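S.K.: pasting a predicted model and its sequence here:
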2 protein chains.
Amino acid sequence: MIKCIRCNHVHAITKSGIVRGKQRYYCKDCNIYFTLPDETMADLKQHKKHMTTIVDIARALNISKSTVSRALHEHGDINPGTKAAVLEMARQLDYQPNLLAKSLVKSKSNTIGIIVPEFLTYFFPTIIMGAQQVAAEAGYNVIICQSQESYKTEVANAHVLLANRVDGVLISMTRETKKFDHFKAFEKHGIPVVFFNRVCDEMDTSKVLVNDYEGALKAVEHLIKNGYKNIAHIGGPPALLITHNRLRGYKDALAKYKLPFKKELVVHCNLSKKDAITCAEQLLDLKHPPDAVFCVNDPVAIQLMLLAKKRKIKIPSELGIVGFSNEPSGEVIEPALTTVQQPVADIGRSAAGILLEAIKKGDAYVPEKKSLKTTLIVRESSKK
Amino acid sequence: MIKCIRCNHVHAITKSGIVRGKQRYYCKDCNIYFTLPDETMADLKQHKKHMTTIVDIARALNISKSTVSRALHEHGDINPGTKAAVLEMARQLDYQPNLLAKSLVKSKSNTIGIIVPEFLTYFFPTIIMGAQQVAAEAGYNVIICQSQESYKTEVANAHVLLANRVDGVLISMTRETKKFDHFKAFEKHGIPVVFFNRVCDEMDTSKVLVNDYEGALKAVEHLIKNGYKNIAHIGGPPALLITHNRLRGYKDALAKYKLPFKKELVVHCNLSKKDAITCAEQLLDLKHPPDAVFCVNDPVAIQLMLLAKKRKIKIPSELGIVGFSNEPSGEVIEPALTTVQQPVADIGRSAAGILLEAIKKGDAYVPEKKSLKTTLIVRESSKK
DNA sequence: GAATCTACCGCAAACGATTCCGGTAGGCAT
DNA sequence: ATGCCTACCGGAATCGTTTGCGGTAGATTC
């Protein structure tokens, strides 16, 4: 028989529907509704792997949790004795603070987010690892997001980071990003943003990039000084800023030495291996083929080199080649590839450093633009 | 004059010390202590960049936050009308759920941790990126830790992950890890662990590794079949499992074809560039130098190749070379390097997949050992 | 000896969710 | 008209912290 949970009587009980699969009862005397508690989960509790909290410590020492909290931090209002006791008990109980709870009350997650377009090349992973190192040293975690060069995913990524309440964000945009509301949302909530590599001109935030222009200028200048006269350029996709900057460096170097700029000597490559070969063929098939090529990056330069070798074109005597990015392959190919080295991991480190600074300074922070220097690494592929 | 905050009288007030920099008062009539609230922070509140919460939505619609929560999820007890209204208001107010709060109450952070020894080579970053992709697809974030090949940092890493209440962990141990309490702590709290690459035999958890033995066997067998008879091996540091497995493959291949195992033909390299050169010299300086070398990885193979070329030793006719890991450089060096390809990103993907499965299954999960296959990529460096 | 001060400590309110439990209005059957 | 049922909603506890504020015992001062 069902007894009322309040008056313990039986006579006034009627059924009153089923709620969430459980029979509910009604006691007319007490005018209350109730369901019977099920006992089946008592043993579940036993099995639960409990992590010790400050309450556990407090109970063990018979003090309040506030005191425990104070003992665990730098706080004046604490007796050295109790502090020691708490610390010892924390050690004994193997206490690990719940950073989630801490983040919640402090409104600070000690986490930064990173949005990058892809992981295909070694480029972005290297940047991320650089950023991660700096972040870790400062006690920050990192959440990584890939936009896959898609605007929609990028917006979704931004939401994820917002939902995780990151303290700051590092961004390298997709090629197709033209609207920036999802980035501005960060600013609106006072979350600092640092762009790197693929920066957003429309936003007044910190930016880190390598001096592509200067690197390209140095590269082409080097070719010119080595006696090459008909210098071509395999550029990147037009949508990218690096493409423009490196192209500009190429043009300015020609102009500086009064060499003519010939439109047919510039081709654009989408950076895929296949397209790189196509571009290389296009240049070598010209009626007046170039005697040197400055390539937007090393993989493209290497494809060009392989093609030239296949066609028995002598490098560097008949064709000088300079790449960009200093990938390991360039070092072992023959002849070794002259290239422009960009400090990839430094991009990540710098960006993370600036971001952490911004987080620390809060509203007082003033955006900063950093341009990292490139170095020309001269090897055999460009010595006529 | 100071008025009591309760009785508003002035006569019974006396000073009573200074607490946290503020003057405290005592009212004899009411027998209470009090400090004066400072007004200076009223404007601070205005400036705060508030993110909308379910309470904001509830207030806007004049309903309770329970209802909002129900509307935002799959829950039966909700009127379709109110649900729509909540969803619309959430959109208008640009609501982003606070995952920290959610994690706290659900005791589930939707985050997995990864501990790796280093980021120096492309190896671990690639694995991490593979794992990250799988995790992201399942809505999980990833916290990355570097142990820097140090046991102490590894222990610290484990604490960080524990403190962040990760739902699972991916681990590749340091060379010097001999005690495993910091790993067992995860198990104790029911947090699943998957080892990869550098696994811990002492723990009964899932493990993912590549079949180094089989890869090495195939590589050396290939050399033998190509007519090489005096095959050497540059191995890795003795502390690593891969070193043993690859060495074992080397030995077994020799045995299989009844070739003698010569002790002087095996040298161990710590994998640094410098030591690789030393090892290469050691082999080439032998009275009876080998006619082929199976190297523990590609970078070592390449150093050997460069040295051989410097000494005018013809590859592959006088010296056959096989590497391990298929790095990009091997493809462009001349002659192109024969190598054993290991599915690096797959290690990360597999490990993450298994881990997510373990998280989902909870206690019902049974540890699983996965051995990923290698592929021999035959290029010119081994064709006698 | 009374007033005041100092050094600690505890209470309780946040933080932003989820979720159990009970309450209530209106519909339907008796 | 009475009772029961369903559909829906609100209250309140909970997760593990931090922290402002008030309280108290003992020391110090006048």
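M.R.: Looks like it arrived, so ask away.
S.K.: what's the lengthiest helix in chain A packed up against?
M.R.: If each helix of chain A is counted by residues according to DSSP state H, the longest one is helix A:344-361. Counting contacts by 3 or more CB pairs under 8 Å, 6 or more residues apart in numbering or on different chains; DSSP states H and E, helix A:344-361 packs against strand A:111-116, helix A:123-137, strand A:168-171, strand A:193-196, strand A:206-210, strand A:369-372. For the C-beta atoms, the positions are set from N, CA and C on the backbone; glycine is no exception.
S.K.: before we move on, which element is residue A:243 in?
M.R.: Taking DSSP states H and E as the definition, residue A:243 sits inside helix A:241-256.
S.K.: what are the buried residues along the helix or strand just after that helix?
M.R.: Under the assignment DSSP H and E, the closest C-terminal helix or strand after helix A:241-256 is strand A:266-268. Neighbour-count burial for strand A:266-268 flags A:266, A:267, A:268 (criterion: 16 or more other CB atoms under 10 Å in any protein chain shown).
S.K.: show the average pLDDT along strand A:266-268.
M.R.: Averaged over strand A:266-268, pLDDT sits at 97.
S.K.: partners of that strand in the sheet?
M.R.: strand A:231-235 (parallel) (DSSP bridges).
S.K.: right, and the helix or strand after the lowest-mean-pLDDT helix or strand in chain A?
M.R.: Sorting the helices and strands of chain A by mean pLDDT, DSSP states H and E puts helix A:42-47 at the bottom, at a mean of 39. The helix or strand immediately downstream of helix A:42-47 is helix A:54-61, counting by DSSP H and E.
S.K.: that next one near DNA strand D anywhere?
M.R.: Yes: for helix A:54-61, a contact with DNA strand D is found by CB under 7 Å from any atom of the strand, at A:54, A:55.
S.K.: circling back: among the helices and strands packed on helix A:344-361, which is nearest residue B:108?
M.R.: Between residue B:108 and the helices and strands packed on helix A:344-361, the tightest spacing by CB to CB is seen for strand A:111-116, at 16.8 Å.
S.K.: so how far is DNA strand D from residue A:318?
M.R.: 69 Å (CB to the nearest atom of the strand, to the nearest Å).
S.K.: and that residue, how many neighbours?
M.R.: When neighbours are counted by other CB atoms under 10 Å in any protein chain shown, residue A:318 registers 13.
S.K.: contact partners for the spatially closest residue to it that is not a sequence neighbour?
M.R.: Among residues not flanking residue A:318 along the chain, residue A:291 sits closest, at 6.9 Å (CB to CB, 6 or more residues apart in numbering or on different chains). Residue A:291 makes contacts with A:228, A:229, A:230, A:231, A:318, A:319, A:320, as judged by CB atoms under 8 Å, 6 or more residues apart in numbering or on different chains.
S.K.: returning to that earlier point: show me what the helix holding residue A:243 is packed against.
M.R.: helix A:212-225, strand A:231-235, strand A:266-268.
S.K.: mean neighbour count, these: which tops it?
M.R.: strand A:231-235 (a mean of 25; mean count of other CB atoms under 10 Å in any protein chain shown).
S.K.: for DNA strand D, what is the nearest residue in the stretch 101-250 of chain A?
M.R.: Residue nearest to DNA strand D within the stretch 101-250 of chain A (CB to the nearest atom of the strand): residue A:101, separated by 3.3 Å.
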